[in-house]
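Asker: have a look at this prediction, sequence included:
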Amino acid sequence: MADLFDQEGTPESAPRPLADRLRPERLADVIGQEQVLGPEGALTVMLEAGALGSVIFWGPPGVGKTTIARLLAKETDLHFHQISAIFSGVADLKKVFEAAKQRRRAGQGTLLFVDEIHRFNKAQQDSFLPHMEDGTILLVGATTENPSFELNRAVLSRAQVLVLERLSVEELEHLARRAEAELGRELPLDARARGALLEMADGDGRALLNLVEQVMAWRLEGPLSTEALTQRLMRRAAQYDKSGDGHYNLISALHKSVRGSDPDAALYWFCRMLEGGEDPRFLARRLTRMAVEDIGLADPQAQSVCLESWQTYERLGSPEGELALAQSVIYLALAPKSNAGYAAYKAARRSAKATGSEPPPKHILNAPTAMMKEQGFGAGYAYDHDQEDAFSGQDYFPETMGRTEYYAPVERGFERDLKKRVEYFARLRRERNG
């Protein structure tokens, strides 16, 4: 199969996008990714040792995955072949592997770059394994999704996962200056507008170069202001996949901000998810879970606040209903925190699973028949309301199990009062049971 991205045969005079014209010729020219390309970076260490192995690049779009793969092939004298998992099937892979075998017999190795490798199914991913093991190919995969979830364990065991990060504003500025040098003139923007353009790229170098190319094509009499720029350019949509890593990363950030009692950070992540197109009903469900899991009985009202805000959203719809959810975010962040109820529930579930079919003690079983009374059902049961303080202190656990404590309320919020009650009943129970 011909390389889908092969530009051989393209006339020299054919127009080339700015991103292609600025493609680095050496690894040292790559902007950013110091964690893998710096002096102590993983790729640098591999290359210096002459032991480059298969790798998986995990990172957002536009951070250099394809470029680094090309340069790795160049620096190791390997034939570079690129395919995309979106356009390739089993038949295509067979052709790729056969061509790599022929090169190997001729003394030429192959670096196979697979873009969007997570799109291949398990069988397709497994087809790489024998060719990776016998040295027919050196696999370099690229994915925007978490490899732990999307790639076969067998592939991951034979490749090192390297995380590539979105470009910082400083790195984007460096790239913008490189583009200006290539084009022979400066961007027609004032300082604030220039900063706004870098922000629009949202850490994506390729997106920045596309924006620069658009701006440079305009016929302008003077530098544009931020307001004029934003009228002409749409802000790039933030990277957010409602079924991918962005979804899970941002809900984790929201949950931990609430748990950490930071209403400002919690509101920020809440709004980031809304801006990314997240379903407000999903957020309402997760907020209610936070109320139960992280606040619990320290503030019993938190759960009601969440349910009422959810109900309000259902009545008002978007965009007005989101305000009710936002207010519940603030309430949860500022509420006293306790996971005592959650921890008690999990501990009780473990005990229930471990003890199997242990029956309740006979004294708390009803005895509706004479035979059951003869068997001792209900014998010795003390009716709590007959006691002066409505507390008998009897043991209600299975006889073979003994009393176990699960719930340990904290000294925060309403659980302070619950802790006093727990301690009060524990004291009475000790007194009445000797």
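Answerer: Everything's here; your move.

Asker: Ala196: how many residues sit nearby?
Answerer: As a burial measure, Ala196 scores 19 neighbours (other C-beta atoms under 10 Å). All C-beta spots, glycine's among them, are computed from the backbone N, C-alpha and C.

Asker: remind me, longest helix of this protein?
Answerer: helix 415-432 (DSSP state H).

Asker: mind listing residues that contact that helix?
Answerer: 296-298, 336, 338, 340, 389, 391-393, 407, 409-411 (C-beta atoms under 8 Å, 6 or more residues apart in numbering).

Asker: swap the cut-off to 6 Å and go again
Answerer: For helix 415-432, contacts defined as C-beta atoms under 6 Å, 6 or more residues apart in numbering pick out Leu297, Ala298, Ser338, Phe391, Gly393, Pro409.

Asker: now render the residues you listed as CSV, adding secondary structure, neighbour count and pLDDT.
Answerer: Listed next are those as CSV, based on DSSP: H, G, I helix; E, B strand; the rest coil; neighbours: other C-beta atoms under 10 Å; pLDDT from 0 to 100:
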residue, secondary structure, neighbour count, pLDDT
Leu297, helix, 21, 94
Ala298, helix, 23, 95
Ser338, coil, 24, 95
Phe391, coil, 15, 87
Gly393, coil, 17, 85
Pro409, coil, 23, 92
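
Asker: the longest helix of the chain: which residues count as buried?
Answerer: Across helix 415-432, burial judged by 16 or more other C-beta atoms under 10 Å covers Glu415, Leu418, Lys419.

Asker: CSV for these, including pLDDT and distance to Ser309?
Answerer: Shown next, in CSV, are the buried residues of helix 415-432 (pLDDT from 0 to 100; distance: C-beta to C-beta, whole Å):
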residue, pLDDT, distance to Ser309
Glu415, 90, 23
Leu418, 91, 25
Lys419, 91, 29
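
Asker: which among the contacts of helix 415-432 gets closest to Thr110?
Answerer: Closest approach to Thr110 among those (C-beta to C-beta): Ser338, at 58.1 Å.

Asker: list the contacts for that closest one?
Answerer: Gly296, Ala298, Val410, Arg412, Glu415.

Asker: please name the nearest non-neighbouring residue to it.
Answerer: Ala298 (3.7 Å; C-beta to C-beta, 6 or more residues apart in numbering).

Asker: what mean pLDDT does stretch 195-205 get?
Answerer: For stretch 195-205, mean pLDDT rounds to 89.

Asker: that one: how far from the chain's middle?
Answerer: Centroid displacement of stretch 195-205 relative to its chain, using C-alpha atoms, centre = their mean, to the nearest Å, is 22 Å.

Asker: now do the strands in this protein.
Answerer: 55-58, 79-84, 110-115, 138-143, 160-163 (DSSP state E).

Asker: in a markdown table: those, plus mean neighbour count and mean pLDDT.
Answerer: Shown next, in a markdown table, are these (neighbours: other C-beta atoms under 10 Å; pLDDT from 0 to 100):
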| stretch | mean neighbour count | mean pLDDT |
| --- | --- | --- |
| strand 55-58 | 24 | 94 |
| strand 79-84 | 19 | 94 |
| strand 110-115 | 25 | 95 |
| strand 138-143 | 25 | 95 |
| strand 160-163 | 16 | 93 |
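
Asker: could I get the ones you listed in CSV, plus columns for distance to Gln375?
Answerer: Below are the strands of the chain laid out as CSV (distance: least, C-beta to C-beta, whole Å):
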stretch, distance to Gln375
strand 55-58, 65
strand 79-84, 73
strand 110-115, 70
strand 138-143, 65
strand 160-163, 63
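
Asker: can you list the low-confidence ranges for the chain?
Answerer: Counting by pLDDT under 70, the low-confidence segments of the chain come to 1-14, 234-247.

Asker: rerun at 80
Answerer: 1-15, 234-248, 356-357, 364, 367, 372-374, 434 (pLDDT under 80).

Asker: who's in contact with the residue nearest the centre of it?
Answerer: Residue closest to the mean C-alpha point of the chain, counted by C-alpha atoms, centre = their mean, is Asn249 at 2.9 Å. Residues near Asn249 by C-beta under 6 Å, 6+ apart: none.

Asker: quickly check the contacts of helix 415-432 for the two that are furthest apart.
Answerer: The distance between the two most remote of the contacts of helix 415-432 (C-beta to C-beta) is 27.2 Å, for Ala298 and Gly393.

Asker: report how many residues lie close to Thr369.
Answerer: 10.

Asker: contacting residues for it?
Answerer: Contacts of Thr369 by C-beta under 6 Å, 6+ apart: none found.

Asker: one more: Leu71?
Answerer: Contacts of Leu71 by C-beta under 6 Å, 6+ apart are Leu27.

Asker: just Arg286 next, same as before
Answerer: Listed by C-beta under 6 Å, 6+ apart, the contact set of Arg286 reads Ile251.

Asker: compute the number of surrounding residues for the closest residue to Ala333 other than its chain neighbours.
Answerer: Counting by C-beta to C-beta, 6+ apart, Ala333 lies nearest to Pro263, which is 3.9 Å off, once chain neighbours are set aside. Using other C-beta under 10 Å, Pro263 has 16 other residues around it.

Asker: who's in contact with Pro263?
Answerer: Per C-beta under 6 Å, 6+ apart, neighbours of Pro263: Ile330, Ala333, Leu334.

Asker: do you know how far it is from Gln311?
Answerer: 22 Å (C-beta to C-beta, to the nearest Å).

Asker: look up phi and psi at the nearest residue to Gly378 once chain neighbours are set aside.
Answerer: Spatially, and ignoring its direct neighbours in sequence, Gly378 is nearest to Ala367 (4.0 Å; C-beta to C-beta, 6+ apart). Taking degrees, to the nearest 10, you get phi -130, psi 80 for the backbone angles of Ala367.

Asker: output stretch 361-369 as PDB, restricted to C-alpha atoms.
Answerer: Extracted in PDB, the C-alpha atoms of stretch 361-369 (Å, rounded to 0.1, in the frame of the first residue of the first chain):
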ATOM      1  CA  PRO A 361     -29.600 -14.100  66.500                       C
ATOM      2  CA  LYS A 362     -32.800 -15.800  67.500                       C
ATOM      3  CA  HIS A 363     -33.800 -13.200  70.000                       C
ATOM      4  CA  ILE A 364     -34.500 -10.700  67.200                       C
ATOM      5  CA  LEU A 365     -36.500 -13.100  65.000                       C
ATOM      6  CA  ASN A 366     -40.300 -13.000  65.000                       C
ATOM      7  CA  ALA A 367     -42.100 -16.200  66.200                       C
ATOM      8  CA  PRO A 368     -45.500 -16.300  64.600                       C
ATOM      9  CA  THR A 369     -46.000 -20.000  65.200                       C
END
